[in-house]
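Q: Return a 3D structure for these sequence lines:
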Amino acid sequence: MIGISSITYCIFQDITHVLEISMFQSTLRPLALSLTVLTVLSVTSPASALETLWTAEGFAQPESVLPDPDRNRLIVSNIDGDAATADGKGFLSLLSMDGSIQTLHWIDGLDAPKGMALVDGRLYVSDLTHLKVFDATTGAKLTTFTHPDAQFLNDVTADAEGRVYVSDMLGGTIFRLEGDHFLPWLSDKRIPYPNGLLVEGDSLVIGSWGVGLRKDFTTDRLGGLFRVSLAGGSPSPLSETEQTANVDGIAHLKDHLVFNDWVTGEIFTWKDGHLISLGTAAPGLADIGAMGDQLFLPHMFEGTVSAVR
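A: Residues are numbered from 1 along each chain as shown. The predicted model follows:
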């Protein structure tokens with residue numbers, strides 16, 4: 001979600017209330033140290049169900065890991081700089097399923113790429129205020145969508161009809177791309193700072209960062225998960241997830257939802273109202289991916305990606 005370089009931008013908590021927030025690397029590094037979880041995967045609970053399979057190094061603020069089973073690979077987004085600045089330093093990497101790097105710089109010239117989704121051979125990537133589309137096989141750029149109200153596009157997911165959903169964390173909005181129309185789809189004050197997204201059947205699961213964002217990106221109150229029908233309507237919180245985490249990534253692991261806290265690195269699983277902590281990875285754990293019985297974890301501070309079972 002967040003870069004570790006200097007970031008200055010405005011966060012809109014409601015229509016009229018604007019807060020200016022600056023973040024510096026010197027702020028986040030002490031936060032990571034103070035949490036005393038500095039290993040790539042440091043299990044803090046004897047009941048942890050996480051087993052590290054491999055760790056790949058050499059990334060630049062990896063933010064998201066997207067499994068691409070059709071091509072037997074993982075796609076990794078790298079911010080490589082200020083997460084709120086159009087600096088052209090961001091890039092995408094290709095990683096094999098066993099953790100070896102296929103192509104470190106597969107797609108270059110991005111600004112601060114974050115969430116991604118695959119639809120019918122197309123790769124959708126959120127890049128600040130733009131949703132960029134690439135050929136998933138060749139990496140060739142196809143088109144770009146944007147909206148004048150977009151501020152800080154973050155996670156991306158798609159439904160069975162090929163519609164693409166993009167969270168705008170600072171704008172408090174979920175955008176939807178349907179055909180060539182990229183428009184605001186949902187904005188609800190009960191979901192402050194929406195980040196992680198995941199389509200599940202005929203509904204969209206949304207992760208909230210929390211309430212009262214501070215300079216170090218902790219919050220006065222933690223966020224949780226919400227569900228809303230793809231047909232529209234009012235979102236409802238998922239029981240037992242309220243005030244649980246500064247939610248970043250959301251994924252499916254078999255028949256469970258899995259989500260993580262960016263600030264602490266804690267990973268949770270949820271099903272039918274039952275919430276379980278799987279263990280704690282390093283602080284700065286961003287947008288996780290999942291396939292089969294494996295989770296793929298982008299560690300922004302360490303510049304690594306790991307797979308756990």
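Q: Where does the prediction get shaky in the chain?
A: 1-48 (pLDDT under 70).
Q: Can you give me the buried ones in the longest strand along the chain?
A: Identified as the longest strand of the chain according to DSSP state E is strand 101-110. Neighbour-count burial for strand 101-110, counted by 16 or more other CB atoms under 10 Å, picks out 101, 106-107, 110. Every C-beta, even on glycine, is put in place using the N, C-alpha and C of the backbone.
Q: what's the closest of these to Lys215?
A: When the buried residues of strand 101-110 are compared for distance to Lys215 (CB to CB), Leu110 wins out at 26.2 Å.
Q: quick one: that closest one and Arg190, what's the gap?
A: Using CB to CB, to the nearest Å, we find Leu110 at a distance of 32 Å from Arg190.
Q: can you redo the buried residues of strand 101-110 as CSV with distance to Leu118?
A: Formatted as CSV, the buried residues of strand 101-110 follow (distance: CB to CB, whole Å):
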residue, distance to Leu118
Ile101, 20
Trp106, 14
Ile107, 14
Leu110, 17
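Q: Out of the residues you listed, which comes closest to Leu285?
A: Nearest to Leu285 among the buried residues of strand 101-110, with distances taken as CB to CB, is Ile101, at 19.9 Å.
Q: pretty sure the closest one is in contact with Ile75, am I right?
A: No: the criterion here is CB atoms under 8 Å, and Ile101 misses it with Ile75 at 12.0 Å.
Q: Next, show the common contact partners of the two.
A: Listed as contacting both Ile101 and Ile75 by CB atoms under 8 Å, 6 or more residues apart in numbering are 93-95.
Q: Who wins on neighbours among the residues you listed?
A: Leu95 (26 neighbours; other CB atoms under 10 Å).
Q: So what are the sheet partners of the helix or strand containing that one and their directions?
A: Element membership for Leu95, per DSSP states H and E: strand 90-96. When pairs are called by DSSP bridges, strand 90-96 turns out to pair with strand 73-78 (antiparallel), strand 101-110 (antiparallel).
Q: Turn the ones you listed into TSV, including distance to Leu123.
A: Formatted as TSV, the strands paired with strand 90-96 follow (distance: least, CB to CB, whole Å):
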stretch	distance to Leu123
strand 73-78	7
strand 101-110	8
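Q: Go through these and name the closest to Glu200.
A: With CB to CB as the yardstick, what comes closest out of those is strand 73-78 (21.2 Å).
Q: got a list of contacts for the closest one?
A: Residues contacting strand 73-78 (CB under 8 Å, 6+ apart): 59-68, 90-97, 102, 106, 110, 113-116, 123, 125, 287, 289, 296, 298, 305.
Q: how far does stretch 259-270 stretch from start to finish?
A: 8 Å (CA to CA, to the nearest Å).
Q: ah, wrong one, I meant stretch 260-270
A: So stretch 260-270: terminal residues 11 Å apart, CA to CA.
Q: thinking again about what came up before, now do the strand holding Leu95: distance to the chain's middle.
A: 15 Å (CA atoms, centre = their mean, to the nearest Å).
Q: Give me the contact list for it.
A: Against strand 90-96 from outside (CB under 8 Å, 6+ apart): 56, 59-60, 62, 65, 72-81, 101-113, 116, 125, 127, 139, 305.
Q: if we go to 7 Å?
A: 56, 59, 73-81, 101-108, 110-113, 127, 305 (CB atoms under 7 Å, 6 or more residues apart in numbering).
Q: Okay, helices next: where are they in the stretch 1-150 of the chain?
A: 25-34 (DSSP state H, counting those that start in this stretch).
Q: Burial check on Ser277, number of neighbours?
A: Around Ser277 there are 17 other residues, counting by other CB under 10 Å.
Q: Okay, and the beta partners of it?
A: Beta-bridge partners of Ser277, as defined by DSSP bridges: Phe268.
Q: any idea how far it is from Phe268?
A: 6 Å.
Q: ok, the residue lying closest to Lys271 once chain neighbours are set aside - contacts?
A: Nearest residue to Lys271 in three dimensions, chain neighbours excluded: His256, at 4.6 Å (CB to CB, 6 or more residues apart in numbering). Residues near His256 by CB under 7 Å, 6+ apart: 269-271.
Q: And the residues you listed, which is closest to Gln243?
A: Trp270 (14.0 Å).
Q: What lies in contact with the helix or strand hosting that closest one?
A: According to DSSP H and E, Trp270 maps onto strand 266-271. By CB under 7 Å, 6+ apart, the list of residues contacting strand 266-271 from outside reads 225, 238, 241, 244-245, 253, 255-260, 275-281.
Q: hmm, which of the residues you listed are the buried ones?
A: Applying 16+ other CB under 10 Å to the contacts of strand 266-271 flags 225, 238, 241, 244-245, 253, 256-260, 275, 277-281 as buried.
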